[in-house]
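Novice: The following comprises the amino acid sequence and a computationally predicted model.
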Amino acid sequence: VSGLAFLLQVDMTTSPATTAGALPSADSQHHQQQTAINANKNLASYNEDDDVPSAVRVFSRFKVLCQEFLKCIATRRHPLCIFLDDIQWADNQTMDVLKALLMDSKSKHILFVCAHRDICDDQKQSSLLNSLRDQSAIPTADIMLGDLEADEVNGLVASLLGMHIEETQELAEVVKQKTSGNPL
């Protein structure tokens, strides 16, 4: 079993107007307040009388709420890193929310680190990854995690146990045999 992690950087760059220095806290607070006001407007803009089923309307509002929430807490002075592990097990709705968050062109200062195992031929996983790679506005990087060699397993075991590698050699051999060196 191999693993793959991919990094998604959502507009961590700064605009020319803000490169002169760090934003004062008042500007940052104003930005957060303005984003919260916009979030309320976006959520209120959904018409309750639409022919759209209520579950779909609620889910759409939830996606907008997630997007606006991240815009409030991720700032130039306080960027946000979100690590999502084992996304191969995510359901379709979770993948839809993730895709909406990643494709939001107004989100800035957010780094998504997503990890998954290549253990299934699930279309949702490959569909999300392919659609993200196709979006030129979203830089991605794939990091393949291969199996660890015996000496690397020994170094990891020794480090975790706070011992010297000479003392953990036998245990590391058992761990290597049982895991085939899989780092996950």
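Specialist: Happy to help now that I have it.

Novice: Which helix or which strand is home to residue 130?
Specialist: Assessed by DSSP states H and E, residue 130 sits inside helix 123-134.

Novice: After that helix, which helix or strand is next?
Specialist: Defined by DSSP H and E, the subsequent element after helix 123-134 is strand 140-145.

Novice: so what strands line up beside that following strand?
Specialist: Strand 140-145 pairs in its sheet with strand 3-10 (antiparallel), by DSSP bridges.

Novice: tell me the mean pLDDT for the partner strand?
Specialist: Strand 3-10 shows a mean pLDDT of 44.

Novice: Could you name the helices and strands sitting against the helix or strand hosting residue 56?
Specialist: Counting by DSSP H and E, the element that carries residue 56 is helix 54-73. Contact here means 3 or more CB pairs under 8 Å, 6 or more residues apart in numbering; DSSP states H and E; on that basis helix 54-73 packs against helix 25-44, helix 92-103. (Glycine included, C-beta is placed from N, CA and C.)

Novice: Could you rerun that using 10 Å?
Specialist: helix 25-44, strand 80-84, helix 92-103, strand 110-117 (3 or more CB pairs under 10 Å, 6 or more residues apart in numbering; DSSP states H and E).

Novice: So for stretch 76-90, first residue to last residue, what's the gap.
Specialist: The straight-line separation of the ends of stretch 76-90 (CA to CA, to the nearest Å) is 30 Å.

Novice: And that stretch, what's buried?
Specialist: 76, 87-88, 90 (16 or more other CB atoms under 10 Å).

Novice: likewise stretch 102-115?
Specialist: Buried-residue list, stretch 102-115, by 16+ other CB under 10 Å: 102, 104, 107-110, 112-115.

Novice: Using PDB, list the CA coordinates for it.
Specialist: These are the backbone C-alpha positions of stretch 102-115, laid out as PDB (Å, rounded to 0.1, in the frame of the first residue of the first chain):
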ATOM      1  CA  LEU A 102     -10.600  24.600  -2.700                       C
ATOM      2  CA  MET A 103     -12.200  26.200  -5.700                       C
ATOM      3  CA  ASP A 104     -13.300  29.400  -3.900                       C
ATOM      4  CA  SER A 105     -11.200  32.100  -5.700                       C
ATOM      5  CA  LYS A 106     -11.900  34.600  -2.900                       C
ATOM      6  CA  SER A 107     -10.300  32.400  -0.200                       C
ATOM      7  CA  LYS A 108      -6.800  33.500   0.600                       C
ATOM      8  CA  HIS A 109      -4.000  32.600   3.000                       C
ATOM      9  CA  ILE A 110      -5.100  29.000   3.400                       C
ATOM     10  CA  LEU A 111      -3.000  25.900   2.900                       C
ATOM     11  CA  PHE A 112      -4.700  22.500   2.600                       C
ATOM     12  CA  VAL A 113      -2.700  19.400   3.100                       C
ATOM     13  CA  CYS A 114      -4.700  16.300   2.200                       C
ATOM     14  CA  ALA A 115      -3.500  12.700   2.700                       C
END
